[in-house]
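Peer 1: what follows is a predicted structure for the sequence shown.
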Amino acid sequence: MSKWIKNGFIIIALLILVFSFTPSYTSLSIDNLAYVVAIGIDKGEKEAYKVTFQFTTGTSGQSSEQNPSIINSVEASSIDIAINLMNAYISKELNLSHCKVIVFSEEVAVEGISDFIYTFINHAQLRPSTNIIISRTTALSYIENTEPILESLVTKYYDVFPNSSKYTGYVSNVTIGEFYNALVCDTCEPFGILGGVSTGKVDQTFKSGNDFYVRSMETNFVGEQGSENLGLAVFKEDKLVGELNAIETLCLSLVRNQVDSFLISVPNPDNEDEKIDISINNRNLTSKVEIINGTPFITINGKLKGFIYSMTENDNYANTSILEKISESVNFHLENLLTQYLYKTSTVFHSDINGFGKQAASLFLTLPEFESYNWLDNYQYATFQVNMEAEIQTGTMITTS
Amino acid sequence: MHTSKIGTMEAIMILLTIVATHTVLSLPKTLLSVTKSATVLNIIYISILALLLVIFIVRLFKKFPGMDLLDISEYLAGSFFKKVLGILFISYFIVSSSILLRNFCECLKIVYFPDTDLLFLIVLFIVAICIANRLSFTATLKTNLLVIPIVLVSVVFLFLANFRNFTFERMYPILGDGFWNTFVTGIGNISAFGGIAYLYFLPPLLKKPEQYKKIAITSVMITGIYLLLTVATILFMFSFFITEEEIMPLFSAARYIEFGTFFQRLESIFLLIWISAFCCYLSVVMKFSVHILQKITLLKDTNILIPCIGLSMLAITLFPENYAISKFYENTIYRYFVWDFVLFSNILILILANFKRRKKVGEIHE
């Protein structure tokens, strides 16, 4: 009899526990959830913000047809209220665990986005790997125009588009985790991916020979893909203060050692009108921060190895002296580019997006000493010295033509 | 409890259970908030101090072979003092573990069970440990022996998998808030070695009492390395844990682990491991509480004590009005508890008992 009572007690206890967890399971059931893949934040007309949610239909598989996404917007005074209103509108609970990108319009970003960042970071569902995009057009327009041409799923596109940062350096894989880290730290400043909508025609202001100076919405692309991500949006604290074009973004990636290989175009030492394309696939940049007379002095030393990509008739890249000349041209070109970029971050943006402050901290013994120096304010007075040492080798298949 | 003795490895794992569970919650954050960027330096420093401290404790126990702190306190000041000390230890064990359980369940609720009543989560743990304690102590010891190494390996994995996210410069300025704060005020971080409390009760329970010193030193050394890895992971990854409050810093770090687009969201595995570690920790705490209670009440049947302690834990777990209060206990009061009670008061008892013994031996020789 006691055995029956014991077993009965165990069964009742198990049933109570099983049913007690039902509310959480019900709320997390796939049937009751709407998975958000992108969130866009614009200024609202009636309310403070217009929040756009992009959903997938939930169908998957190997279908070659594109899975259409659903885009809904709502005006609200805060992101949480917008989520709540959208919950009611679509009759499902929004789930952010598969959210891949958060898009802010420039209009919102210039006013400061720290409240949004804190709210999103506070959200247990949102991944720290979610990308932050600052759109030069409205966030709604960016999301509406994001129609991947080589992927069937928009989520897949959001997953893979930052990967080009590793081999072009023209965009950086900026996540909300990194953004938040930079926002709260006192040694660096945050930045986001610069996005926009393709105009579908070559920008008329575009000058010949400036093909590395493109940025979102000022490009020379003509294609079917609506949105484009080129360059970076620079922040001072939580406010947008400027933009970097593709080549400046490459400079940032170089300084932060975040690019594996990249292509640059340098003047041909034998003919200034011609350009040589060089692929750099081995780079080692080190930076040294000193404080001289109360002013930051930053030295960048780089060792690069690359090979010549472009080939024209009568070229002889098997000649050592020609290669040395090209190496010098690369050094000069990169030193120039990096110096211009670094001074732009300090004198124009006053924003240490390169994170030199982390090294500056090692010059101080205690935090109060470092805090009283106020690195982020002193960065604008920084002086830079860039030394490059490139070793350019002959091309891949043809060495002489 | 008396029928099953504890092996050397099992004893080491018992002591490691304590630090393993505390680090899952806010211990790394607490350490970081005290010594900031100097925490890595501070951990090395307090690990050396903790090592010297346990060598000293082992030395103090040397004169009392086969006796635990309760026996020694009885020798020092009689059975009443033993009972008072026993009650204080039970209170310390139950209160600290209950508050830790409450905080852990609060975090579980936030992350995975948003609509489940907190009570059910807590009851699940309490029921599990009550059942575990009804079984022999060997069951808890063997489970501990299995789970704790996995926890240790998981922390090493967490450190290595996040290596690419590290910014080593975050350990600068090397002295944090200054020399005084790192090496004098920072001694308070020794509360991270709260597992020392269980060292006081181990001597009579060991299979090989001669290994007591080895157990103490090994566990402190592993605890030091474990703390160093966890704190380094948090410090090198995040700039905000020094200033901001975020639940479960190690869970936050686990969320960053990704191997391509296929292996993601590994934090669920970590949480599963940590839940197992929590069950082990609570079982150990209950076992020791029952052991002490039995020792001071001289009860023969310990089974009756298990539901009593389980219910006490449940009551204390539900006592804090909100998460802020229970977190305050874990971050602030617990530190002083370890300092004043576990370390200072009990070492004083051991020193006084040693003096008394020396005096008695001296009188006999005279």
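Peer 2: On my side now, so go ahead.
Peer 1: pLDDT weak spots in chain B?
Peer 2: Where chain B drops to pLDDT under 70, the residues are B:1-3, B:240-245, B:366.
Peer 1: got the residues of it near chain A?
Peer 2: Residues of chain B lying near chain A by CB under 8 Å from any CB of the partner chain: B:36-37, B:110-117, B:120, B:123-124, B:127, B:167, B:169-170, B:172-179, B:238-240, B:243-244, B:252, B:255-256, B:258, B:261, B:264-265. Where C-beta positions appear, they are placed from N, C-alpha and C, glycine not excepted.
Peer 1: report pLDDT for residue A:248.
Peer 2: Residue A:248 carries a pLDDT score of 92 in this model.
Peer 1: re the thing from before, buried subset of the residues of chain B next to chain A?
Peer 2: B:36-37, B:111, B:113, B:116, B:120, B:123-124, B:127, B:167, B:169-170, B:172-173, B:175-178, B:238-240, B:252, B:255-256, B:258 (16 or more other CB atoms under 10 Å in any protein chain shown).
Peer 1: return the subset of these lying in helices.
Peer 2: B:111, B:120, B:123, B:124, B:127, B:252 (DSSP state H).
Peer 1: for residue A:301, which residues are in contact?
Peer 2: A:285, A:286, A:287, A:288, A:387, A:389 (CB atoms under 8 Å, 6 or more residues apart in numbering or on different chains).
Peer 1: so what's the one residue in the stretch 201-350 of chain B that gets nearest to chain A closest to, chain neighbours aside?
Peer 2: Ranking the residues of the stretch 201-350 of chain B by distance to chain A (CB to the nearest CB) places residue B:239 first, at 3.3 Å. Among residues not flanking residue B:239 along the chain, residue A:185 sits closest, at 3.3 Å (CB to CB, 6 or more residues apart in numbering or on different chains).
Peer 1: ditto for residue A:306
Peer 2: Nearest residue to residue A:306 in three dimensions, chain neighbours excluded: residue A:280, at 3.9 Å (CB to CB, 6+ apart).
Peer 1: assign the one you found to helix, strand or coil.
Peer 2: The three-state assignment at residue A:280 reads strand, by DSSP: H, G, I helix; E, B strand; the rest coil.
Peer 1: separation between it and residue A:248?
Peer 2: Distance check for residue A:280 against residue A:248: by CB to CB, to the nearest Å, it reads 16 Å.
Peer 1: again, but for residue B:77
Peer 2: 75 Å.
Peer 1: with neighbour numbers in mind, choose between the two.
Peer 2: Of the pair residue B:77 and residue A:248, residue A:248 is the one with more neighbours under other CB atoms under 10 Å in any protein chain shown, namely 25 against 16.
Peer 1: so the more buried one touches residue A:343, yeah?
Peer 2: No - between residue A:248 and residue A:343 there is no contact under CB atoms under 8 Å: 11.2 Å.
Peer 1: what touches both of these two?
Peer 2: Listed contacts common to residue A:248 and residue A:343 are nil; contacts here mean CB under 8 Å, 6+ apart.
Peer 1: ramachandran coordinates for the residue nearest to residue B:305 when sequence neighbours are not counted?
Peer 2: Nearest in space to residue B:305, with sequence neighbours left out and distances taken as CB to CB, 6+ apart, is residue B:290 at 4.9 Å. Dihedral pair for residue B:290: phi -60, psi -40, per degrees, to the nearest 10.
Peer 1: run a quick neighbour tally on residue B:290.
Peer 2: Counted with other CB under 10 Å, the neighbours of residue B:290 add up to 22.
Peer 1: let me see the contact set for it.
Peer 2: When the contact criterion is CB under 8 Å, 6+ apart, the partners of residue B:290 are B:1, B:133, B:302, B:305, B:306, B:309.
Peer 1: of these, grab the buried ones for PyMOL.
Peer 2: Buried residues within the contacts of residue B:290, by 16+ other CB under 10 Å, are selected in PyMOL with:
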select buried, chain B and resi 1+133+302+305+306+309
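Peer 1: give me the local confidence score for the residue nearest to residue B:239.
Peer 2: Looking at residue A:185, its pLDDT is 88.
Peer 1: give the partner strands of the stretch of helix or strand residue A:232 belongs to in its sheet and their orientations.
Peer 2: Using DSSP states H and E, residue A:232 sits in strand A:227-236. If you go by DSSP bridges, strand A:227-236 pairs up with strand A:191-197 (antiparallel), strand A:239-244 (antiparallel).
Peer 1: can you check which of those strands gets nearest to residue B:27?
Peer 2: Smallest distance to residue B:27 across those (CB to CB): 33.2 Å, for strand A:191-197.
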